[in-house]
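Novice: Following is a predicted model, sequence given first.
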Amino acid sequence: MEIEIISKEIIKPSSPTPKSLEKYHLSFLDQIAPPTFMPLVYFYSPHTKYTNSQKSDHLKKSLSEALSTFHPLAGRLVGDAYVDCRDQGAPFFEARTNCDLLQAITNPIPRNMNKFLPYELNDLQNLGVAVQATYFRCGGVAVGVVVSHKIADALSFFLFANAWAAAARNESAAAPPVFEAASIFPPRDVAGFKPGTGIIKEELDTKIFTFPASKISDLQERYSAAATGGERRPTRVEALSAFIWTRFISATEMKPDPNKIYTVLHAVNLRNRLEPPLSDSHFGNISRLAIAVPAVGDNGSIDGGYELMQKVREAIGAVNGEYVARLREGDKHLNFLKERMAQANKSELVTFNFTSLCRFPLYEADFGWGKPVRVGSAVMSYKNLVTLMDTATGNGIEAWINLKKEDMVKFEADLELQEFILPSKDI
């Protein structure tokens with residue numbers, strides 16, 4: 001698949017940012033967020049009503065309107081301190097490709113997804129957001145969006161993307177963004193902490209494993225049957241993450257090691273865990289990682305993942321009002337992160353990260369030519385990272401899994417894993 005960039009433009013907000021809003025301070029949680037872009041690629045079927053040129057004009061005009069509301073995304077990051085919001089604008093690339101939409105979205109190749117994005121994910125360039133519109137031979141279009149993780153979390157990404165799409169349809173967004181993160185989580189002196197820990201240069205392999213609804217239900221039943229008390233039925237994400245972890249441990253033949261700490265991390269939205277709760281319109285990094293420390297037995301995880309699932313549930317439950325209060329003080333959490341960074345640098349820490357976009361408004365971005373027929377992620381620079389996304393029909397779940405190449409070979413050959421997934425989608 002070849003993609004050719006045909007134009008680049010800087011899109012500025014449709015109305016100037018008031019002087020009083022020119023300095024957008026990062027919150028503590030923004031400061032410690034990874035210095036990387038969050039990517040999504042929205043794929044749209046051909047639409048005869050608009051030419052490619054009209055689609056681009058439409059996207060640019062509505063992006064300009066959205067940026068006037070989401071002014072930090074049109075600014076430039078200044079270190080770990082603030083965003084300079086003087087309407088510098090967002091890069092907008094136009095591109096064309098030599099293939100049809102169907103080729104790109106049928107058994108998609110994760111590495112190809114990055115070609116639909118305007119920048120490498122680690123090439124932040126102090127930007128807030130950037131866009132690439134890629135036109136297919138058949139008339140379809142891919143809209144690739146990257147948003148800086150230093151400014152936003154996944155929920156804020158969707159808040160922006162869906163507000164932009166609403167502007168394109170001449171509709172008002174569900175709710176305007178609320179920029180209060182720095183007053184809720186005041187910034188700290190984060191000298192000595194490198195949020196890029198975990199980004200690796202070695203070659204990773206990313207593959208998509210699709211779990212149909214019936215198989216996910218089987219896993220939920222499996223873990224329900226293992227419960228000893230009257231615990232509630234595990235959620236789809238709880239069951240799937242426990243299963244993926246146990247298959248990873250089993251396939252890579254990981255053994256107990258007294259010098260290593262094994263951790264399973266789940267991203268958790270904090271908005272509904274504050275007192276009083278925040279709305280989903282609160283913009284910024286208002287999420288943290290729940291950390292479970294599972295035991296690694298001689299033959300993989302104990303109880304086939306049930307124990308891990310319980311620990312993940314407890315870890316997420318521990319992200320409560322008390323946890324958030326400590327987080328708002330910041331210093332203790334920063335010291336904890338520095339300790340983890342030191343352990344990671346000494347290879348004492350083995351982490352497995354889960355981010356779930358399930359139940360997020362993934363397929364809502366309609367720019368006036370219908371909702372996307374497919375939404376894709378991309379190849380990340382983090383090993384042992386799993387991104388869970390609803391399938392287009394909303395029944396199954398796609399797991400975008402990043403592993404070291406040698407680990408991926410073992411993982412995808414795991415026979416028990418193969419029983420629960422649809423046929424493999426190769427790179």
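Specialist: Noted; the coordinates are in hand. Predicted, not measured: the structure shown is a model, and the values here were computed from it. Residues are numbered from 1 along each chain as shown.
Novice: Does anything pack onto the one helix or strand residue 399 maps to? Which helices or strands?
Specialist: Under the criterion of DSSP states H and E, residue 399 resides in strand 397-404. Counting contacts by 3 or more C-beta pairs under 8 Å, 6 or more residues apart in numbering; DSSP states H and E, strand 397-404 packs against strand 204-211, helix 236-251, strand 385-390, helix 405-412. For the C-beta atoms, the positions are set from N, CA and C on the backbone; glycine is no exception.
Novice: Residues in contact with the first one: which ones?
Specialist: Okay, so that is strand 204-211. For strand 204-211, contacts defined as C-beta atoms under 8 Å, 6 or more residues apart in numbering pick out 108, 110-111, 240, 379-381, 383, 391, 396-405, 408, 412, 417, 420-422, 424-427.
Novice: and it with strand 385-390, angle?
Specialist: Put simply, strand 204-211 runs at 30 degrees to strand 385-390, going by axes from the mean of the first three to the mean of the last three C-alpha atoms, to 10 degrees.
Novice: Comparing the helices and strands packed on strand 397-404, which stretch has the densest surroundings?
Specialist: Of all these, helix 236-251 has the most neighbours on average by mean count of other C-beta atoms under 10 Å, namely a mean of 23.
Novice: CA-only coordinates of it, as PDB, when you get a sec.
Specialist: Provided in PDB are the C-alpha atoms of helix 236-251 (Å, rounded to 0.1, in the frame of the first residue of the first chain):
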ATOM      1  CA  ARG A 236     -16.200  -8.700  29.000                       C
ATOM      2  CA  VAL A 237     -13.000  -6.700  29.600                       C
ATOM      3  CA  GLU A 238     -12.200  -8.400  32.900                       C
ATOM      4  CA  ALA A 239     -12.600 -11.800  31.400                       C
ATOM      5  CA  LEU A 240     -10.700 -11.100  28.200                       C
ATOM      6  CA  SER A 241      -7.700  -9.300  29.900                       C
ATOM      7  CA  ALA A 242      -7.400 -12.200  32.400                       C
ATOM      8  CA  PHE A 243      -7.400 -14.700  29.500                       C
ATOM      9  CA  ILE A 244      -4.900 -12.800  27.300                       C
ATOM     10  CA  TRP A 245      -2.500 -12.400  30.300                       C
ATOM     11  CA  THR A 246      -2.600 -16.200  31.100                       C
ATOM     12  CA  ARG A 247      -2.100 -17.100  27.500                       C
ATOM     13  CA  PHE A 248       0.900 -14.700  27.300                       C
ATOM     14  CA  ILE A 249       2.400 -16.200  30.500                       C
ATOM     15  CA  SER A 250       1.800 -19.800  29.300                       C
ATOM     16  CA  ALA A 251       3.000 -19.200  25.700                       C
END
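Novice: Residue 320 is in contact with residue 272, isn't it?
Specialist: No: taking contacts as C-beta atoms under 8 Å, residue 320 lies outside contact range of residue 272: 10.9 Å.
Novice: Run through who's touching the strand holding residue 399.
Specialist: Outside strand 397-404, the residues that reach it (C-beta under 8 Å, 6+ apart) are 110, 202-211, 216, 236-237, 240, 244, 248, 358, 377, 379-380, 382-391, 408, 411.
Novice: related to what we said a few turns ago, reformat the helices and strands packed on strand 397-404 as TSV; add mean pLDDT and distance to residue 92.
Specialist: Converted to TSV, the helices and strands packed on strand 397-404 look like this (pLDDT from 0 to 100; distance: least, C-beta to C-beta, whole Å):
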stretch	mean pLDDT	distance to residue 92
strand 204-211	95	26
helix 236-251	92	34
strand 385-390	96	25
helix 405-412	95	34
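Novice: Out of these, which gets nearest to residue 330?
Specialist: strand 385-390 (25.6 Å; C-beta to C-beta).
Novice: List the contacts of that closest one.
Specialist: By C-beta under 8 Å, 6+ apart, strand 385-390 touches 237, 240-241, 244, 352-360, 362-363, 375, 377, 380, 396-402.
Novice: so what's residue 116 up against?
Specialist: Neighbours of residue 116 in contact, by C-beta under 8 Å, 6+ apart: 3, 41, 95, 104, 132, 134, 142, 144, 376.
Novice: Check the gap between it and residue 291 for me.
Specialist: Residue 116 sits 33 Å away from residue 291, going by C-beta to C-beta, to the nearest Å.
Novice: Residue 208 too?
Specialist: In terms of C-beta to C-beta, residue 208 sits 26 Å off from residue 291.
Novice: With residue 20 instead?
Specialist: On the measure of C-beta to C-beta, residue 20 and residue 291 end up 39 Å apart.
Novice: Between those two, which is the more surrounded one?
Specialist: Between residue 20 and residue 291, residue 291 has the larger neighbour count (other C-beta atoms under 10 Å), namely 19 against 6.
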